[in-house]
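A.B. asks: Starting from these lines, generate the structure:
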Amino acid sequence: MGLIEVKDLKYTYPHSEKPVLMDISLAVQPGEFILLTGPSGCGKTTFCRCLNGLVPKFYSGVMEGTVKIAGLDTRENPIMRLAQHVGLIFQNPDNQIFALTVEKDIAFGLENLGVAKDEMYKEIDWAVETTGLQDLRQRATHELSGGQKQRLTIASVLAMRPEIIVMDEPTAFLDPVGAEHIFSVLDRLNKELGITIILIEHRMDLAAKYVDRMIVFSEGRVVHDGEPVKVFADDQTRLLGVGIPRVFELARRLSSRGVHFNRLPVSANQFYDEFKTRIPDDIRRKAGGFEDLSEFTGEYHHQPAIEVKDICFTYAGGVEALKDVSLTIYHGDYVAIMGENGAGKTTLVKHFNGLLKPSRGEVVVDSVDVSTLSVAQLARNIGLVFQNPDDQLFEETVEKEISFALRNFGFDESVTEKRVTWALNLLDLTEYRHKSPFTLSGGERKRVALASVLAWDPDILVLDEPTIGQDYGQKERLRHFLTHLRSQGKTVVIVTHDVEFVAESQPRIVLMAGGRIVDDGASKEIMTRPETLRSCSVAQPEITRLFEKLSGHGLPKDVLDVDEAFDILMRNMGGTKP
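C.D. replies: Numbers count the residues shown, from 1 in each chain. The predicted model follows:
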């Protein structure tokens, strides 16, 4: 008998004709660490809601089949009783935070479980230390950044120590180092305490090395269920748009060209441990021919689009978010702003369109001081997509949401219709045209928010965490589109923790920490400075980690993506390229 038993599960949301889950049967044994993945909108989040009774008790709708947790039928037992066994961390942290301070929010679940006060404080101490919230313990929850809020929701569930932890993209808002830390904590809870963990995650390079089972959903059904290496090796997994760990993909390509691996690796360490003994002794002579590409990677800078001059900003609660920040972004630039949670990244970009005004210093856009313009005046040329799409969506349907700004800007109806249709097609939203955006998944809502800005074609596009909730296929589509915008002379600024997305896009990188800019340069320069990256809680891409190790054998270290890595290794291992 499994700790979780799902049999013939089928579920349809209220006012919907099509089931979102169909014919799902599976069992989960105590102590398993499971990765749940699949294309955006395939039913993953809904399935997780079934595990603690939110479906069908809170979301109602029509549910068929059975779900049992530790022998308890979720339809026959109250959510309060199920919560003693299952801790669920939502995709959007704002849906789970309601207390005034960090400490009180963590205490809420413990209070409801009747935990004694002394024991409660011990659990809170452990939870804040585990999630890195010690210095924010008395901070008001509304003053937290998106990543800090996500760490808080994780802490509030960990404190209750349930036997099953279900996490819906738990690291989506976290900086890479913070995400690695959370995964290492989950790994320890799983191995040392036997806690069963089920998590939804699109960041395969991070998750794959920890989990022992992988379940892939597509269109409401389970299409793969097994050991991660076997699932990744299946061609159908790729066709579904599920991301493949970069080092696994590199090893797969090499093996197809005759380079043997006993077991295809999913991490840089695994790859290096097996590969290092096969590196030819004369590789240093072969590697000596690598060109210094630095002179070819510089940007041709046109006129400044955005100039930030010595700005400071302090929130009403006294939190000093920006400290003497200066930055120039040129027309045609593609810039990724990266750094730790709470570094000031979102605060900085909200100054670009006047949503925030600096306490000191000035922001200039196209040679005009932003303080002399209204947000409405700036909006036509600067499109900002928020980190949380729910802060941006308000219309009844997806079509109305996308057309709202176009009509406000005075586009005629024929142009509005064309632009809406174009944006829907671009972001794979056509089937949701007449649906409410609030019935869509988190990833789909993110795409609606992006479509609503892209539709009016701003000259400067600012995207705050654009890859959150997006499957690999959607990320690839976005990456190619942003490259296309850059070729048109548009200015693109992204705030992101997604190092793999950045590695494959290779924009200019601006690193932030503690409200200041720490470094600024080309992707290859920044990503090969591990100490600087660590100081900003940014991890190296997995391929770069691998080549940091291989550089000791004479190979270059400034390698960021799979294509370049494959070419270099085939050239130096005596193989033939495809």
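
A.B. asks: Every contact and neighbour count from this point should use C-alpha atoms.
C.D. replies: Noted.

A.B. asks: So for stretch 8-16, mean pLDDT?
C.D. replies: For stretch 8-16, mean pLDDT is 93.

A.B. asks: and if you look at stretch 27-44?
C.D. replies: 94.

A.B. asks: Alpha carbons of that stretch, as PDB, please.
C.D. replies: What follows is stretch 27-44, C-alpha atoms only, in PDB (Å, rounded to 0.1, in the frame of the first residue of the first chain):
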ATOM      1  CA  ALA A  27       1.200   5.100  -6.300                       C
ATOM      2  CA  VAL A  28       3.900   6.900  -4.300                       C
ATOM      3  CA  GLN A  29       5.900   5.000  -1.700                       C
ATOM      4  CA  PRO A  30       7.200   6.600   1.500                       C
ATOM      5  CA  GLY A  31      10.500   8.300   1.000                       C
ATOM      6  CA  GLU A  32      10.300   8.900  -2.700                       C
ATOM      7  CA  PHE A  33      11.700  12.100  -4.300                       C
ATOM      8  CA  ILE A  34       9.600  12.800  -7.400                       C
ATOM      9  CA  LEU A  35       9.900  15.400 -10.100                       C
ATOM     10  CA  LEU A  36       6.600  16.200 -11.800                       C
ATOM     11  CA  THR A  37       6.900  18.000 -15.100                       C
ATOM     12  CA  GLY A  38       5.400  18.500 -18.500                       C
ATOM     13  CA  PRO A  39       4.300  21.300 -20.800                       C
ATOM     14  CA  SER A  40       2.700  24.500 -19.300                       C
ATOM     15  CA  GLY A  41      -1.000  23.900 -18.700                       C
ATOM     16  CA  CYS A  42      -0.800  20.100 -18.800                       C
ATOM     17  CA  GLY A  43      -2.500  19.600 -15.300                       C
ATOM     18  CA  LYS A  44       0.500  19.400 -13.000                       C
END
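
A.B. asks: That one: how far from the chain's middle?
C.D. replies: Mean-position distance between stretch 27-44 and its chain equals 17 Å (C-alpha atoms, centre = their mean, to the nearest Å).

A.B. asks: buried sites along it?
C.D. replies: Buried residues in stretch 27-44, defined by neighbour count with 16 or more other C-alpha atoms under 10 Å: 28, 30-44.

A.B. asks: what does stretch 387-396 give?
C.D. replies: Within stretch 387-396, the residues that count as buried by 16+ other C-alpha under 10 Å are Gln387, Asn388, Pro389, Asp390, Gln392, Leu393.

A.B. asks: For the fourth one, give its distance to Phe90.
C.D. replies: Shown here: Asp390 relative to Phe90, a distance of 14 Å by C-alpha to C-alpha, to the nearest Å.

A.B. asks: care to break this protein down by domain?
C.D. replies: Using automatic domain parsing, the domain parsing of the chain gives 1-85+164-170+197-244, 256-278+543-573, 299-541.

A.B. asks: measure the first one end to end?
C.D. replies: End-to-end distance of domain 1-85+164-170+197-244 (C-alpha to C-alpha): 32 Å.

A.B. asks: So what's the gap between that domain and the chain middle?
C.D. replies: Counting by C-alpha atoms, centre = their mean, domain 1-85+164-170+197-244 comes out at 19 Å from the chain centroid.

A.B. asks: Can you tell me, leaving aside adjacent residues, what's nearest to Ser255?
C.D. replies: In this structure, Ser255 finds its nearest non-sequential neighbour in Phe261, 6.8 Å apart by C-alpha to C-alpha, 6 or more residues apart in numbering.

A.B. asks: Was I right to think the one you found contacts Leu250?
C.D. replies: No. Look at Phe261 against Leu250 with C-alpha atoms under 8 Å: they stay out of range, at 11.4 Å.

A.B. asks: The two: who's more crowded?
C.D. replies: Shown here are Phe261 and Leu250; by other C-alpha atoms under 10 Å, Leu250 has more neighbours (23 against 14).
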